[in-house]
Every structure is written in structure tokens, then in C-alpha cells.
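Enquirer: please find the sequence and the predicted model below.
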Amino acid sequence: MSIDRIVLAFAGTMILTSIVLGYFVTAYWLILAGFVGLNMLQSAFTGFCPLAMMLKKLGCKPGAAFD
């Protein structure tokens, strides 16, 4: 699996987890969804993604977005 797909899967998982925890536990968990969304937005404009950098150092194959 490429870095692009791993990053998207991780972000989606974090957002869905945050929404479920926000519904069942406390609304403060929705801050996590906001943080992930903001990180995805800034990554779209700057190309800087901490998770992609870590995965690249771990040897995952790069995709088109995070070279």
C-alpha cells in the first residue's frame, strides 16, 4: 500500500473514531476530528504531512501526493 493510501485511511479512521467518541463519550472528542481536518487542509496546500514523513522513513513506497 502506498503512503497516500495509508495517510487517507489513517485520517478517515481518526475522524470516524472521533465522531463516535464525540457521540457516545463527550463532545470534546470532536476537537480531534477538527484537528485532523485542518491538518489535511494544510497538507493539501503545503505538501507537509508528518505521518507521510514518518512512513517514508519507515520505508513505505511513496505515492503521487507525498514524494
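Expert: Sure, I can see it.
Enquirer: every contact and neighbour count from this point should use C-alpha atoms.
Expert: Fine.
Enquirer: can you tell me which helix in this structure is longest?
Expert: helix 3-24 (DSSP state H).
Enquirer: give me the buried positions along it.
Expert: Within helix 3-24, the residues that count as buried by 16 or more other Cα atoms under 10 Å are I3, D4, I6, V7, A11, M14, I15, T17, S18, I19, G22.
Enquirer: same thing with stretch 35-49?
Expert: Those would be V36, G37, M40, for stretch 35-49 by 16+ other Cα under 10 Å.
Enquirer: do you know the pLDDT at the residue lying closest to L51 once chain neighbours are set aside?
Expert: Once flanking residues are discounted, L51 sits nearest to V7: 6.8 Å by Cα to Cα, 6 or more residues apart in numbering. pLDDT recorded at V7 is 94.
Enquirer: now I19: how far from V7?
Expert: 18 Å (Cα to Cα, to the nearest Å).
Enquirer: sketch out the low-pLDDT regions of the protein for me.
Expert: 66-67 (pLDDT under 70).
Enquirer: give me the residue at the spatial middle of it.
Expert: Central residue of the chain (Cα atoms, centre = their mean): A11, 3.0 Å from the mean position.
Enquirer: residues touching that one, list them.
Expert: Neighbouring residues of A11 by Cα atoms under 8 Å, 6 or more residues apart in numbering: V36.
Enquirer: can you check the one 10 residues further on too?
Expert: Taking Cα under 8 Å, 6+ apart as the definition of contact, the neighbours of L21 are A27, W29, L30.
Enquirer: keep only those of those residues that are in helices.
Expert: L30.
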